[in-house]
Structures are given as structure tokens and as C-alpha cells.
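Enquirer: give me coordinates for this.
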Amino acid sequence: MAEIKTDVVVIGAGPAGYVCAIRLAQYGKKVVVVEEAELGGTCLNVGCIPSKALILAGQFMEDARSASEMGITVGEPKLDLAQLVDWKQGIVKRLTGGVEMLFKKRSIEWLKGTARIASPNAVDVKTAEGAVRVTALDVVVASGSEPSTFPGWEFGEHIWSSTEALAPKKLPARLVVVGGGYIGMELGMFYAHAGSKVTIVEATPGILPGTDPELSKVVARKAKKAGIEILTGSFAREWKKKGKGLEITVENGGEMRAMASDQILMTVGRKPRTQDLGLDAVGLTPDKQGFIATDHQRQTRTRHVWAIGDAAGQPMLAHKGSAEGLAAAAAIAGKPGAAFDAKVVPAVIFTDPEIAYVGLTEAEAKEKGHEVRIGKFSFGANGRALSLRRAEGFVKVVADAQDDVILGVQMVGPEVTELIAEAAVAIEAGLTAEDLALTVHAHPTLPEVLMEACEDVHGLAVHSAK
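Expert: Predicted structure coming up:
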């Protein structure tokens, strides 16, 4: 067996793993990264980046259909699906190529293969050229996650995971999406905008479970306007081929309904890829969800073995994984004060309209014993939102009634996935609603809605009729 000696071996090259590797190299460490697929992991290759590219294309088509509102006459937009997928893939290649370039600049070795931990200081890798043992002082597990499904609903020709849905060879006339979480709603809305008849089957009482219902209701209304049928409190029980299509049996309130479709998209969640890594060799056992327990620096209970990203627990978000990668790298390099100590982690959902939130909801704040004041302001009263023809939604600010410190912000509306950064900084810095209200915001811009919501905490929003 060939052998490579290094300072640190990182298993996985997603947003957690590759960021950790680059930071380690910046600190002067010799690093080997083991990745069986492509650099960038799920996010860059078959997740957040390609999905946002397709979502943008869908929004362009929807905008073209409604351009007559502005006096612009255009025909029904036509989609060249192959060209769209090629364009999307070009963005992916540019980003993954950028990661590869950064690896070369930092002398990080990419070992393409499947990793299995042999000991706290050794990882065995199966490559196309044969087995390789990588010995290192530290091992970082950044193995990511993969789509989940049910028995009898395995991924294949008729049942897509999000991966297949991002590279379709043809547009299904009818698409049933099982799971109304953020992946299902994002992709479901793209396919609806592209021309598919979409049905969402969600087991919980509403779409986007775990999201403030005030936000998800705005998205549900827009989805229905786009022609999407949403079946909540419903369960996909079985499916079969029927004629040239498929038949899916859905249960709702004890009643069974058969619906026809051309394709099924399963988006019922993701699970960490922590099986078959050899964790038992270093005395580690993932929990029932498959997560590896870590401390504040993301070191496991086994010295010199670290876990970051989706492998290390919720929330399973790329930006959270990257932040953990930086913290672990600093700890491995012996930097003082190294820790993952984010007060909040923002969440963003690229539906139409977008959703973003950070910190506590009103209900969560009250459960924690806070007396709260709420500020709320609509995009419908914002000049920039109206000129963009994106006036749905609002910003809601949750502040402590005693000291005015911002506890949480929830948004639904245009470009809120960008606007949430200001709210995250405010909470991290311990700012008050008055601090943001007194900060001069450029006009006409969307961030004015956050400023006005902070004014509304004190009942002083100038452009509110309340």
C-alpha cells in the first residue's frame, strides 16, 4: 500500500472541507484532501449553486410572461432545456475550477477516492490507481450529506433526488414533489415557472416546516398563483407505472387519492454521510440521526479527530459548515481563542418570494422568557420593491422590550436572502432596534424596509399607516 505523510487529512471537499483545508494551508500546514467526486461537494456541484441558477431562469420566464404590465409586449418564452443545463453547468465548472486553483496555489493535495479511517492518525483511501494510506497528526471529517428517501421510493428513472432534478434531460409535463421543505419548494417553483404542472405533497400542516408560518403563508399564496397544487397533511403511500406515466397514491385525512404524473421528485430531507467511514476505529459512534458529537472547536471526544459541516449536526447549511471549518483549522493550528461561537446562523430559502431569518422568532423569544416588542413593515410600501414588481412580503423584527436589543429578524420578500446579512451583524454585535432605525439607509433601496421595521418596534415607522 502506498503511503502519504501529511500534517492534516480532510475527508470531504465541500464548503466545510475545502474551506478548512485552505485555511490550514494558510496557517502553514501540509494538507491532503480526500474527495471521491468533485471539489466543492454537494453545494457547488449538485446543490445550492446549480439550483439557484435554475431558479433564476425560472424567474426570468415568469417575468417575461408578465412584462405586459409595464407596456412591454413579448411572446410566450420558450425554454431550451439543454442549453439551460449547459449554462448552469458552466457556472458550476467555473466555481469548482476555482477551488482546484486555490488548492494548487496552496500546495494542497487532492486525493480522489473513498476514505475510511484506520486510526486517529491514519486514513485509508481507495483510488482508481490502488489503495493509499494517509498518515497525519489530525483527521477532519467533512463528509457532507446525501438525499433521504423511503423504502419503495428509491431514486432511479422515475424518482428523482434533487441531484437528478438539477440536470433534467426533458421537462416533465406533470411533476409530483414529495416533501414541501425548502428543497421541494425551491425546485417545485422552478419547474412550475418553466412550464410543468406541479403538485407538492407535504405531510405537515404547512409548507416549509420549521419556518415561521407567517413567512411560509406568503410563499404558499404565490405558489398557488403560479399554478402549483399544494396538498398539506398528506402522505405519498405508493406509486406505480401506468401507461406512459406514473400513478401516485396520496392519503389525506384517511382518504386515498390517485394522481397522474410523469415524474416524482423526492425531497424529504438529507442525512449525514457518516456511515462506512470507520469511525468505530477511533471510538466514535454517530447519534441516531447520523451526526458526530463535537466540542466548541469541533473536536470529537477522540483527540486529533474533528468533525465539521453536515457531519457535525444541524443546521445542515453550507455557510455554517464553512464557519466550522475555519474554527477547526484555527484550533488545529493552535491559534488562541479558536472556537465556533456564532451567536446566530442565518437561514435563506430561494422560493418566490424569498425567505430569510436569523435569531429568535417571536414565539421562541417568549418561550425563553423575553418580553418582546415587534416591528413589522411591508415591501408593499417600499418604492424599490414596487419598481421591481416584487412587492409581496414583509420584514419582522423581534426586540427585547426591556433593553431594545434585537433578538431575531424574519423576512419574506424580494432579495431578502441578501438583506438578512445586516440583521445577522446586528444580532452578533448586540445592536438595538434603535441602532438600526437611526442608521441612514440609502433611498430608494430594499434595506429601508428593515430600517422601517425597526422604527415600528417603537411605533414610529414614518411610512406606516398604523
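Enquirer: the helices in the stretch 101-250 of the chain, which residues?
Expert: Remark: helices assigned in the stretch 101-250 of the chain by DSSP state H, counting those that start in this stretch are 162-165, 182-194, 213-225.
Enquirer: and the ones you listed, which is most packed in?
Expert: Among the helices of the stretch 101-250 of the chain, judged by mean count of other C-beta atoms under 10 Å, the one packed with the most neighbours on average is helix 182-194 (a mean of 25). (C-beta placed from N, C-alpha, C; glycine too.)
Enquirer: per-domain residue ranges of the protein.
Expert: 2-146+271-332, 159-268, 353-457 (automatic domain parsing).
Enquirer: columns distance to Ala338 on top of the ones you listed, output as JSON lines?
Expert: JSON lines is the format used below for these (distance: least, C-beta to C-beta, whole Å):
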{"stretch": "domain 2-146+271-332", "distance to Ala338": "4"}
{"stretch": "domain 159-268", "distance to Ala338": "30"}
{"stretch": "domain 353-457", "distance to Ala338": "18"}
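Enquirer: can you redo those domains as TSV with distance to Pro346 and mean pLDDT?
Expert: Shown next, in TSV, are the domains of the chain (distance: least, C-beta to C-beta, whole Å; pLDDT from 0 to 100):
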stretch	distance to Pro346	mean pLDDT
domain 2-146+271-332	8	96
domain 159-268	13	97
domain 353-457	4	98
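Enquirer: to Ala342, which of those lies closest?
Expert: Checking the domains of the chain against Ala342 by C-beta to C-beta gives domain 2-146+271-332 as the closest, at 6.0 Å.
Enquirer: nearest spatial neighbour of Thr417, chain-adjacent residues omitted?
Expert: Val348 (4.0 Å; C-beta to C-beta, 6 or more residues apart in numbering).
Enquirer: rewinding a little: how about the domains of the chain, which one is nearest Lys466?
Expert: Nearest to Lys466 among the domains of the chain is domain 353-457 (7.4 Å), distances taken as C-beta to C-beta.
Enquirer: give me the phi and psi for Ser261.
Expert: Backbone dihedrals for Ser261, given as degrees, to the nearest 10, come out at phi -150, psi 160.
Enquirer: could you report the neighbour count for Ala421?
Expert: Other residues within reach of Ala421 by the criterion other C-beta atoms under 10 Å amount to 14.
Enquirer: so it sits right up against Pro346, yeah?
Expert: Yes: using C-beta atoms under 8 Å, Ala421 makes contact with Pro346 at a distance of 7.3 Å.
Enquirer: nearest to Ala465, out of the domains of the chain?
Expert: domain 353-457 (8.4 Å).
Enquirer: how distant is the closest one from the center of its chain?
Expert: Domain 353-457 sits 21 Å away from the centroid of its parent chain (C-alpha atoms, centre = their mean, to the nearest Å).
Enquirer: what's the end-to-end length of that domain?
Expert: Terminal residues of domain 353-457 are spaced 24 Å apart (C-alpha to C-alpha, to the nearest Å).
Enquirer: got a list of what the residue nearest the centre of the chain touches?
Expert: The chain has Leu317 as the residue nearest its centroid, 5.1 Å off, counting by C-alpha atoms, centre = their mean. Contacts for Leu317 were tallied using C-beta atoms under 8 Å, 6 or more residues apart in numbering; they are 345, 347.
Enquirer: ends of stretch 426-442, what's the gap?
Expert: For stretch 426-442, the first-to-last residue distance is 18 Å (C-alpha to C-alpha).
Enquirer: for stretch 346-358, same thing?
Expert: OK, stretch 346-358 end separation, C-alpha to C-alpha: 4 Å.
Enquirer: what do you get for stretch 269-277?
Expert: The first and final residues of stretch 269-277 sit 21 Å from each other (C-alpha to C-alpha).
Enquirer: buried sites along it?
Expert: Of all the residues in stretch 269-277, those buried under the rule 16 or more other C-beta atoms under 10 Å are 270-274, 277.
Enquirer: ok, Thr73 to Glu62 distance?
Expert: Thr73 is 16 Å from Glu62, where distance means C-beta to C-beta, to the nearest Å.
Enquirer: look at the two and report which has more neighbours.
Expert: When neighbours are counted by other C-beta under 10 Å, Glu62 comes out ahead of the other of Thr73 and Glu62, with 17 against 6.
Enquirer: which residues touch that one?
Expert: Contacts for Glu62 (C-beta under 8 Å, 6+ apart) come out as 193, 226, 352.
Enquirer: same question for Gly325.
Expert: Gly325 is in contact with 15-21, 23, 140, 142, 308-309, counting by C-beta under 8 Å, 6+ apart.
Enquirer: one more time with 10 Å, if that's ok
Expert: 10, 12, 14-24, 140, 142, 298, 306, 308-309, 340 (C-beta atoms under 10 Å, 6 or more residues apart in numbering).
Enquirer: which stretches of the stretch 351-466 of the chain form strands?
Expert: Taking DSSP state E, counting those that start in this stretch as the test, the strands found in the stretch 351-466 of the chain are 354-359, 372-378, 394-400, 406-413.
Enquirer: for the first one, packing partners?
Expert: With contacts defined as 3 or more C-beta pairs under 10 Å, 6 or more residues apart in numbering; DSSP states H and E, strand 354-359 has these neighbours: helix 182-194, helix 213-225, strand 347-349, strand 394-400, strand 406-413, helix 416-428.
Enquirer: beta partners for the nearest residue to Phe103 once chain neighbours are set aside?
Expert: In this structure, Phe103 finds its nearest non-sequential neighbour in Trp110, 5.8 Å apart by C-beta to C-beta, 6+ apart. Trp110 has these beta-bridge partners by DSSP bridges: Val33.
Enquirer: so Trp110 sits right up against Ala37, yeah?
Expert: No: counting by C-beta atoms under 10 Å, Trp110 does not reach Ala37; the two are 11.3 Å apart.
Enquirer: mutual contacts of those two, please.
Expert: Joint contacts of Trp110 and Ala37 (C-beta under 10 Å, 6+ apart) are Ala13.
Enquirer: ok, those two, which is more surrounded?
Expert: Trp110 (18 against 14).
Enquirer: which residues touch that one?
Expert: Trp110 neighbours (C-beta under 10 Å, 6+ apart): 13, 18, 21, 31-35, 39, 99-100, 103-104.
Enquirer: swap the cut-off to 7 Å and go again
Expert: 33, 35, 39, 103 (C-beta atoms under 7 Å, 6 or more residues apart in numbering).
Enquirer: most neighbours out of these, which is it?
Expert: These, ranked by neighbours (other C-beta under 10 Å): first place Val33, 29 neighbours.
Enquirer: how close does that residue sit to Ala423?
Expert: Val33 is 34 Å from Ala423, by C-beta to C-beta.
Enquirer: now swap in Thr351 and tell me
Expert: From Thr351 to Ala423 the distance is 19 Å (C-beta to C-beta).
Enquirer: those two: who's more crowded?
Expert: Ala423 (29 against 25).
Enquirer: that one contacts Ala356, correct?
Expert: No: look at Ala423 against Ala356 with C-beta atoms under 7 Å: they stay out of range, at 8.1 Å.
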